[in-house]
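**Student:** coordinates only, sequence not included:
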Ligand SMILES: C[S@@+](CC[C@H](N)C(=O)[O-])C[C@H]1O[C@@H](n2cnc3c(N)ncnc32)[C@H](O)[C@@H]1O
């Protein structure tokens, strides 16, 4: 990614952080039920015993309660995010929840393996890779820290295809409300992930504007 764009995304999130959780709720009024899709995605995750989990672009930590409910005996959860203001909220969530063994790291997912040396049974990234223009680099970094049989879950948005592509300007506008930019959707994240990791399932949501992908291990 052009580093200027990386920085500007961080600037956007420093401001968005304050209202981020409220924007998520406002989306629901448009039928974009990010919460429900998140719940469904977590419900479909495989059972794992004492997993070590990484949340890439953890944001305000919205995924943490779902992870803890699904994996009460987790051995460790690490969340990484680039924006201090988002992490501040995630830290508060962890404190308020009284959760242990959760580490929140301020860092760039494009250099994940410089921040994190452990390997994970489960890596998740929700509503994030679409807005990071260097997402292929992030997927490369994810592949370095995913265990050979580890799972990767991606929940995100992408461009409409076919006749529905006339709605793409609306889709980009929606994404901008949550920190997206003009390069959002320029990369086929899901397609690249499917060539790097072994697909387990794929579910399209909202006529294909959103997807939930689960992978296990690398494809080669
Ligand atoms: C739309 S929010 C999603 C947050 C959370 N995953 C969720 O589902 O609510 C996108 C997040 O990506 C983070 N982000 C953007 N670029 C990043 C990068 N290069 N490395 C790590 N995090 C990044 C932003 O700070 C923001 O918290």
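**Tutor:** Everything's here; your move. All of these numbers come straight from a predicted model, not from anything done at the bench. Residues are numbered from 1 along each chain as shown.
**Student:** what residues does this structure have near the ligand?
**Tutor:** Proximity of the chain to the ligand (CB under 6 Å from any ligand atom) is limited to residues 6, 9, 13, 57-59, 62-63, 80-83, 86, 108-110, 126-128, 131-132, 178-179. C-beta: built from backbone N, CA, C; applies to glycine.
**Student:** give me the buried entries from the residues you listed.
**Tutor:** 9, 13, 57-59, 62-63, 80-83, 86, 108-110, 126-128, 131-132, 178-179 (16 or more other CB atoms under 10 Å).
**Student:** the helices in the protein, which residues?
**Tutor:** Secondary structure of the chain, counting by DSSP state H: helices at 3-16, 20-28, 34-43, 64-70, 84-97, 112-115, 135-145, 168-177, 189-196.
**Student:** mean pLDDT for these: which is lowest?
**Tutor:** The minimum mean pLDDT among the helices of the chain belongs to helix 3-16 (a mean of 72).
**Student:** buried ones in the longest strand along the chain, by neighbour count?
**Tutor:** When the chain is parsed with DSSP state E, its longest strand is strand 146-157. Using 16+ other CB under 10 Å as the burial criterion, the residues of strand 146-157 that qualify are 146, 147, 150, 151, 152, 153, 154, 155, 156, 157.
**Student:** doesn't residue 140 make contact with the first one?
**Tutor:** No - under the criterion of CB atoms under 8 Å, residue 146 lies out of contact with residue 140, with a separation of 11.0 Å.
**Student:** and the residue of the chain found nearest the ligand, what are its phi and psi?
**Tutor:** Closest contact between the chain and the ligand, by CB to the nearest ligand atom, is at residue 59 (2.5 Å). Residue 59 adopts backbone torsions of phi 60, psi -130, taken as degrees, to the nearest 10.
**Student:** quick one: contacts for the closest residue to it other than its chain neighbours?
**Tutor:** Nearest residue to residue 59, sequence neighbours excluded (CB to CB, 6 or more residues apart in numbering): residue 86, at 4.8 Å. Contact analysis of residue 86 by CB atoms under 8 Å, 6 or more residues apart in numbering lists 13, 16, 17, 20, 58, 59, 60.
**Student:** and with 10 Å instead?
**Tutor:** 10, 13-14, 16-18, 20, 57-61, 79, 104, 106, 179 (CB atoms under 10 Å, 6 or more residues apart in numbering).
**Student:** thanks again, I'm all set now.
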